[in-house]
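1. Turn this into a structure:
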Amino acid sequence: MCARRFLLVIFFLTLLVVGGSFAIWQYGQRFIARSVALPTVEFKAPPAASGPDYVRIENWLNLPDTVPPGPASWQPKGYVPQAIALRPAATFYIHPTTYLQRDRWNAPLGDKESQDRARLFVRSQGSAFGQTSVYAPKYRQAAFGAFLDTGEDATKALDLAYSDVARAFDRFLSQVPDGPIVLAGHSQGGLHLTRLLRERIARDPALARRIVAAYVIGWPVSVAADIPAMGLPACTRADQAGCILSWQSFKDPANTDLITGVYNGSTGFNGQPRRREDMLCVNPVTGTAAASRPDQSAGTTVPTDQNLADATFTPGQVGARCERGFLMIDGPDNKLPDLGPYVLPGNNYHVYDVALFWGDVRLDLARRLGAWRP
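-> Residues are numbered from 1 along each chain as shown. Okay, here's the model as predicted:
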C-alpha cells in the first residue's frame, strides 16, 4: 500500500518528536530498524463492539465547554485574539500517531504515555482551530511499527484505527446536527481524514455543504488523482469555503526524495497515477498557492522547551511559497526562528507544519468561515 509506505517516512518524524530512536537516518536515504519497531505479535481482531464508546467523555481528548477546558483551548504566550465576530462552528480534529510500542498493532486507549503525547498534539495543533468548538477523539491508532510492513496485519491495523475515527465522526455529527463544520488532521490523522472525505463526505452532498474547510496537513493529496473522489474541491481562493487545503513544509536546500519516491506513480483515489506536479499545496498565509513574505505571517508558535509543551507567539517570522507541490519556507534574512531539534535531514519541517503557521491557520479559518453559506 503506497499510503503505508509514505507513512513509513512521515511517522519516523513523529518518533523523533515523541521520543525513542528507532532508526538510522542519512541524508537522501532511509534505513528503519524493523527488528526494533515491528510489532512482535500477530494482529488479533478485537471483539465486536469493543471499541471506544464515544458517548462517554473519557473517550475524547477534547470536547467543548468542559471544566477545566481541554487542551485545544490552549493559546501561546503573547497571543492576542483578534476581535472578529464569527458564527459558531465545530471542528473534528484527528491527531497523529503517538504509540511507539511493539506489543500490539493498535494502541490501547489506556496507555498513559501515548495518550499524554496525543494531548500534546491537540494542544499544539488542535488549538489552531480553537475559535471553534473542537472535538478530538481518542482512537486505537495504528502503532508506528504498522508502517514498516505491507502485509495483512498492517492493513488490518489501519482499518481498525479508521473504524474508530469513523464512529467518532458519527457521534460528532449527532452532537452537531447542523451548522458549519471544519475537518482537520495531521500525518496519520491526515490519512484517516482523506478516507473520511472519500467515504463519507463525497457520498453525502448535504453533509459536504456543511464543510467550511478540510485541513489535510502533512499529507500529500493529488489534485488530479485524489481530489475528484474526495467530495470537495481544492482551495484556490482565500475566501473560498467548502474546499481542501494541504501543505508539507520544507526549507531550502530541501531534499523531498523520500516523499516523492513513494508518491510519484502511486495510484490515486480515482485510479489515476499521482504525479508530483499535481500535488496540492495551499500556502496557509495567503490561503492560496501564492507566495508570502515573512512580514505577512500572522504568527508562529515558537517552543519554549524541547517537549513542545509551551510556546511563544511570534508574528512576522515565516514566509512561504508553493514549489513543485511542497511548501518552501523562509524567514527574515533567510533565518527561521529556532523551533527546536526536530527538523529532519533534507530540511523537512513536518513536525512543525502547524506551529509554523498557527496564527495563519486561525485567520484562514476565520476567512473561510466568513465565506461559508448554509
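2. C-alpha from now on. contacts and neighbour counts both.
-> Will do.
3. low-scoring stretches of the stretch 101-250 of the chain, by residue?
-> Under the criterion of pLDDT under 70, the regions of the stretch 101-250 of the chain flagged as low confidence span 145-150.
4. Can you show me the strands along this structure?
-> Listed in chain order, the strands found in the chain under DSSP state E are 23-26, 29-32, 60-62, 90-94, 133-137, 181-186, 211-217, 243-245, 249-251, 300-303, 311-314, 319-323, 326-330.
5. Any idea which of those gets closest to Asn347?
-> Each of these was checked against Asn347 via C-alpha to C-alpha, and the shortest separation belongs to strand 249-251, namely 5.3 Å.
6. what comes into contact with that closest one?
-> Taking C-alpha atoms under 8 Å, 6 or more residues apart in numbering as the criterion, the residues outside strand 249-251 that touch it are 218, 326-330, 346-350, 352-353.
7. distance between that strand and the chain's centre?
-> Once both centres are worked out by C-alpha atoms, centre = their mean, to the nearest Å, strand 249-251 turns out to sit 16 Å from its chain's centre.
8. Then stretch 254-261?
-> So, by C-alpha atoms, centre = their mean, the centroid of stretch 254-261 is 19 Å from its chain's centroid.
9. List the buried residues in it.
-> Under the neighbour-count criterion of 16 or more other C-alpha atoms under 10 Å, stretch 254-261 has Asn255, Thr256, Leu258, Ile259, Thr260 buried.
10. State the pLDDT value of the closest residue to the last one other than its chain neighbours.
-> Of all residues beyond its chain neighbours, the one nearest Thr260 is Arg276 (6.7 Å), with distances taken as C-alpha to C-alpha, 6 or more residues apart in numbering. You'll see Arg276 listed with a pLDDT of 92.
11. what's the burial count for Arg276?
-> Arg276 is surrounded by 18 other residues when neighbours are defined as other C-alpha atoms under 10 Å.
12. What are the neighbouring residues in contact with it?
-> The neighbourhood of Arg276, defined by C-alpha under 8 Å, 6+ apart, consists of Ser222, Thr260, Tyr263, Asn264, Arg324, Gly325.
13. Turn the residues you listed into CSV, columns for distance to Pro46.
-> Written out in CSV, the entries for the contacts of Arg276 read as follows (distance: C-alpha to C-alpha, whole Å):
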residue, distance to Pro46
Ser222, 34
Thr260, 35
Tyr263, 32
Asn264, 35
Arg324, 43
Gly325, 39
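14. Report the buried members of those residues.
-> With neighbours counted by 16+ other C-alpha under 10 Å, these contain buried members at Ser222, Thr260, Tyr263, Asn264, Gly325.
15. list the contacts for the last one?
-> If you count contacts by C-alpha under 8 Å, 6+ apart, Gly325 has them with Arg276, Glu277, Asp278, Met279, Leu280, Cys281.
16. so what's it closest to, chain neighbours aside?
-> For Gly325, ignoring the flanking residues on the chain, the nearest one in space by C-alpha to C-alpha, 6+ apart is Met279 at 4.7 Å.
17. So the one you found sits against Ala225, correct?
-> No - contact between Met279 and Ala225 fails when scored by C-alpha atoms under 8 Å: they sit 9.3 Å apart.
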